[in-house]
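Trainee: Here is a sequence with its predicted model. Questions after.
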Amino acid sequence: MPSFDFDLFVIGGGSGGVRGARVAASLGKKVGIAEEYRYGGTCVIRGCVPKKLFVYASQYSEHFEDAAGFGWTVGESSFDWKKLIEAKDKEIARLEGLYRKGLDNAKADIFDTRAELVDAHTVRLLKTGQTVTAETIVIATGGRPNLHTALPGHEFCISSNEAFHLAELPKSILIAGGGYIAVEFANIFHGLGVETTLIYRGAEILSRFDQDLRKGLHEAMEEKGIRILCHDIITSVEKTENGLSVRTKNDKALTVDTVMLALGRTPNTANLGLEAAGVAINEQGAIVVDAYSRTSVPNIYALGDVTDRVQLTPVAIHEAMCFIETVYKNNPTRPDHELIPTAVFSQPEIGTVGLTEEDAAKRYPELEVYRAQFRPMKATLSGRSEKMIMKLIVNAADRKVIGAHILGHDAGEMAQLLGIPIKAGCTKDDFDHTMAVHPTASEELVTMYSPSYRIRNGERV
Ligand code: NDP
């Protein structure tokens, strides 16, 4: 047996990499981990966590307005962007510290440097030039925003990375894209008082979600004052005295302070030495892995966004735990990518798990669709015109609930809980047998007794 410096070396200190390294080290393995930027990765440093803090910040404008309906007189309010950034940065630094501490406590060796593969068992640490060897290597380098370099003027645009550190809050912003990031940031900036426009190439925002929710969210966002341009894309961005001058395919001309591109994310595989080690990538630049996250090189695994399977933090963590089971516990375990609950932290929020009505209709001959649309209780006194949508998709043949879709307050929290019965294969009868919690919005999920409509062979009946 050749001897190596490490049992495991992990490249990338994000959600997947840190979890894999920490757990392997706690099992007594000799582990090294290298990160070129900050431990915590996209999720903690410039993704999910700071984004959610921004979402909270942006909700106060509506809270202040709503308070009047409940008898409150709120004094003059103002918002200080720099204070928010400062508070957010402090919290992110605290979390980064916890990630490092977890690795340290498990006795993993932490390297603050970029690392690249030299061959299948050797990694070069760029800061010192030192090379180390490892029996097993994990690549968990994540992804980065697609900068859309073919767009004339792309260099004047920002991505979500910069949105977390803008020196000033812009007065106006144009956000390109119709996915998670574009929609979430459109609501954040609007809530903070920025004149916000979203531009999306397709017919309706959030292409992978249930049509009802997409339409409901679109209407709610427009009603708040967010402008949404569908069937359109930016064709050029120019810097002028008055700000950024933008032209679109549909011949619209806009002038805004900031243009943000949220057009998907690209796996971080460039200059990693993958070729030297023999690790295959696909056309999108993502590392190709088998069902156990193993790359084309048997002792090298890849986890999380760099593999472009499902770009979500809990998925990367799950893949890391399956890697541990497979490699260190003699229990080959495939990551399970079925029925992943997910949320879009838009305002109102979207929470979803399982099949959309459209996808379920393609897969099953008959569906029962239970749908409720109502004004949430809080909106009665606040006078805010907002609606909640809840939908359960049921396979008529065995009564299993195969999809749940919610638009409204706390939809993300509900999606997490709905993920359990749906993963467990519960039927609509199980939902019906469950006592309601009153008064809540989610009680609708157990009190929709008869189908709102059926879908037979793809047709609504
Ligand atoms: P998404 O894949 O969600 O959305 C990308 C958007 O950009 C889509 O609307 C897509 O259109 C559009 N697009 C792609 N290429 C082009 C192009 N060339 N011209 C015009 N439009 C284009 O990616 P995001 O960047 O929003 O987010 C990246 C990932 O991060 C997400 O997939 C998600 O997994 C994760 N994420 C999760 C969050 C959460 O859990 N709440 C929050 C933020 C991110 P089309 O739909 O037509 O393809």
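Mentor: That came through, no problem.
Trainee: Tell me, how many residues neighbour Q311?
Mentor: 19 (other Cβ atoms under 10 Å). In short, each C-beta sits where N, CA and C put it, glycine included.
Trainee: my guess is it is in a strand, correct?
Mentor: No - assignment of Q311 by DSSP: H, G, I helix; E, B strand; the rest coil gives coil, placing it outside any strand.
Trainee: Please tell me how far the closest residue to it other than its chain neighbours sits from D112.
Mentor: Once flanking residues are discounted, Q311 sits nearest to D305: 4.8 Å by Cβ to Cβ, 6 or more residues apart in numbering. The spacing between D305 and D112, counted by Cβ to Cβ, to the nearest Å, is 21 Å.
Trainee: So between these two, which is more surrounded?
Mentor: D305 (31 against 14).
Trainee: now check stretch 207-214, is it near the ligand?
Mentor: Yes - Stretch 207-214 lies within reach of the ligand by Cβ under 6 Å from any ligand atom, at S207.
Trainee: what about that stretch, start to end distance?
Mentor: 8 Å (Cα to Cα, to the nearest Å).
Trainee: The residue of the chain found nearest the ligand: neighbour count?
Mentor: Closest approach between the chain and the ligand, counting by Cβ to the nearest ligand atom: G179, at 1.9 Å. Applying other Cβ under 10 Å, we find 18 residues neighbouring G179.
Trainee: So it sits against L206, correct?
Mentor: Yes - the criterion here is Cβ atoms under 8 Å, and G179 meets it with L206 at 6.9 Å.
Trainee: got a list of what I158 touches?
Mentor: 166, 258-261 (Cβ atoms under 8 Å, 6 or more residues apart in numbering).
Trainee: so can I have JSON lines of these showing neighbour count?
Mentor: Output for those, formatted as JSON lines (neighbours: other Cβ atoms under 10 Å):
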{"residue": "L166", "neighbour count": "16"}
{"residue": "T258", "neighbour count": "22"}
{"residue": "V259", "neighbour count": "26"}
{"residue": "M260", "neighbour count": "27"}
{"residue": "L261", "neighbour count": "23"}
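Trainee: so what's the residue sitting nearest the centre point of the chain up against?
Mentor: By Cα atoms, centre = their mean, the chain has its centre lying nearest to L312, at 5.3 Å. By Cβ under 8 Å, 6+ apart, the residues touching L312 are 340, 342.
Trainee: For it, give me phi and psi.
Mentor: As for L312, its main-chain torsions (degrees, to the nearest 10) stand at phi -140, psi 140.
Trainee: Is it correct that C426 is in contact with R399?
Mentor: No - the pair C426 / R399 is not scored as a contact, 9.4 Å apart, by Cβ under 8 Å.
Trainee: What sits closest to G354 if chain neighbours are left out?
Mentor: That would be G403: by Cβ to Cβ, 6+ apart, it lies 3.7 Å from G354.
Trainee: Am I right that the one you found falls within a strand?
Mentor: Yes - counting by three-state DSSP, G403 falls inside a strand.
Trainee: so it touches I393, yeah?
Mentor: Yes - the criterion here is Cβ under 8 Å, and G403 meets it with I393 at 3.6 Å.
Trainee: what residues are shared contacts of the two?
Mentor: With Cβ under 8 Å, 6+ apart as the test, G403 and I393 both reach 354-357, 360.
Trainee: now the residues you listed in JSON lines, with secondary structure and pLDDT?
Mentor: Below are the shared contacts of G403 and I393 laid out as JSON lines (DSSP: H, G, I helix; E, B strand; the rest coil; pLDDT from 0 to 100):
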{"residue": "G354", "secondary structure": "strand", "pLDDT": "98"}
{"residue": "L355", "secondary structure": "coil", "pLDDT": "98"}
{"residue": "T356", "secondary structure": "coil", "pLDDT": "98"}
{"residue": "E357", "secondary structure": "helix", "pLDDT": "98"}
{"residue": "A360", "secondary structure": "helix", "pLDDT": "98"}
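Trainee: Turn the residues you listed into a markdown table, including neighbour count and distance to N161.
Mentor: Listed next are the shared contacts of G403 and I393 as a markdown table, based on neighbours: other Cβ atoms under 10 Å; distance: Cβ to Cβ, whole Å:
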| residue | neighbour count | distance to N161 |
| --- | --- | --- |
| G354 | 24 | 32 |
| L355 | 22 | 33 |
| T356 | 20 | 30 |
| E357 | 20 | 35 |
| A360 | 19 | 36 |
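Trainee: Out of the residues you listed, which two are the most distant from each other?
Mentor: Maximum pairwise distance in the shared contacts of G403 and I393, criterion Cβ to Cβ, is 10.5 Å, between G354 and E357.
Trainee: Between these two, which contacts overlap?
Mentor: Shared contacts of G354 and E357, counting by Cβ under 8 Å, 6+ apart, come down to 393, 403.
Trainee: one step back: put together TSV for the contacts of I158, with pLDDT and distance to the ligand on each row.
Mentor: Converted to TSV, the contacts of I158 look like this (pLDDT from 0 to 100; distance: Cβ to the nearest ligand atom, whole Å):
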residue	pLDDT	distance to the ligand
L166	98	18
T258	98	17
V259	98	13
M260	98	11
L261	98	9
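Trainee: And the helices in the protein?
Mentor: Shown for the chain, the helices assigned by DSSP state H span residues 15-26, 41-46, 48-67, 81-105, 160-163, 180-191, 211-224, 274-277, 313-328, 357-363, 377-382, 411-423, 428-432.
Trainee: To Y292, which of those lies closest?
Mentor: helix 313-328 (5.1 Å).
Trainee: can you list contacts of stretch 72-89?
Mentor: 50, 53-54, 57, 60-61, 64, 67-68, 164-166, 168-169, 192-193.
Trainee: Now do the same contact list for the residue nearest to Q311.
Mentor: Applying Cβ under 8 Å, 6+ apart, the residues contacting D305 are 14, 42, 142-143, 265, 267-268, 311, 316.
Trainee: looking at these, which has the most residues close by?
Mentor: Highest count within those by other Cβ under 10 Å belongs to G14, 32 neighbours.
Trainee: Contact distance from the ligand - what residues of this protein qualify?
Mentor: Counting by Cβ under 6 Å from any ligand atom, the chain sits next to the ligand at 177-182, 184, 200-202, 207, 233, 262-265, 311-312, 342-345.
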